[in-house]
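Asks: A structural model of the following input is requested.
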Amino acid sequence: MSKNFTIRTIRSFIRDYGTAVSWVVVDGSTRDLDTGALTNIETIHKIKKALPMPETVTRKFSYDLSYIAANKNFVYGGFFDREDLSMIFLTRDLPGEYSLNDEVIHNETRFIVHEIWTNPEGAVAANLRNVV
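Replies: A predicted model of the protein is given here:
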């Protein structure tokens with residue numbers, strides 16, 4: 001199987017089934033000295049088409065450890081759903097420098113880039129987790 005066949009197949013899948021997303025590069029942050037609020041400096045790159053893979057939704061449980069230490073008779077917590085999404089991009093569509101600090105906006109949901117796999121033929125696969 002030639003590398004041209006692989007990248008042609010990936011390009012045809014992206015062309016036929018791809019959706020528009022935005023790749024957000026976090027360039028740094030600034031802190032407001034009056035309020036103490038931290039503001040990220042972001043550059044948003046629009047990507048016309050990227051290929052979303054099947055999404056995984058898992059239920060997680062979280063609780064406040066300080067409350068349990070103070071009240072040992074009661075354990076309160078909350079359930080939340082964590083989404084994992086894999087997406088395939090063409091390298092030519094991504095910004096020049098991308099990293100694990102970046103984020104992706106898909107269907108008005110912001111995802112953190114959790115893992116990146118680079119294909120030498122010109123494709124990038126990223127595992128994304130939603131911002132909770």
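
Asks: can we go C-alpha only for contacts and neighbour counts from here?
Replies: Fine.

Asks: average model confidence for the host helix or strand of Glu83?
Replies: Assigned by DSSP states H and E, Glu83 belongs to strand 77-90. Strand 77-90 shows a mean pLDDT of 78.

Asks: Specify the next element, helix or strand, located C-terminal of it.
Replies: Once the chain leaves strand 77-90, the next helix or strand it forms, by DSSP H and E, is strand 103-106.

Asks: Who are the packing partners of the following helix or strand past that next one?
Replies: Next in sequence after strand 103-106, counting helices and strands by DSSP H and E, comes strand 109-119. Counting contacts by 3 or more CA pairs under 8 Å, 6 or more residues apart in numbering; DSSP states H and E, strand 109-119 packs against strand 103-106, strand 123-130.

Asks: got a pLDDT number for Ile44?
Replies: 92.

Asks: Quick check: it is in a strand.
Replies: Yes: using DSSP: H, G, I helix; E, B strand; the rest coil, the assignment for Ile44 is a strand.

Asks: Find the nearest non-adjacent residue to it, please.
Replies: Spatial nearest neighbour of Ile44, excluding adjacent residues (CA to CA, 6 or more residues apart in numbering): Val24 at 4.5 Å.

Asks: From what I see, the one you found and Ile105 are in contact.
Replies: Yes: at 7.5 Å, Val24 counts as touching Ile105 under the criterion of CA atoms under 8 Å.

Asks: Please say which of the two ends up with more neighbours.
Replies: More crowded of Val24 and Ile105, by other CA atoms under 10 Å: Val24, with 23 against 17.

Asks: which residues touch the more buried one?
Replies: Contacts for Val24 (CA atoms under 8 Å, 6 or more residues apart in numbering) come out as Glu42, Thr43, Ile44, His45, Asp102, Glu103, Val104, Ile105.
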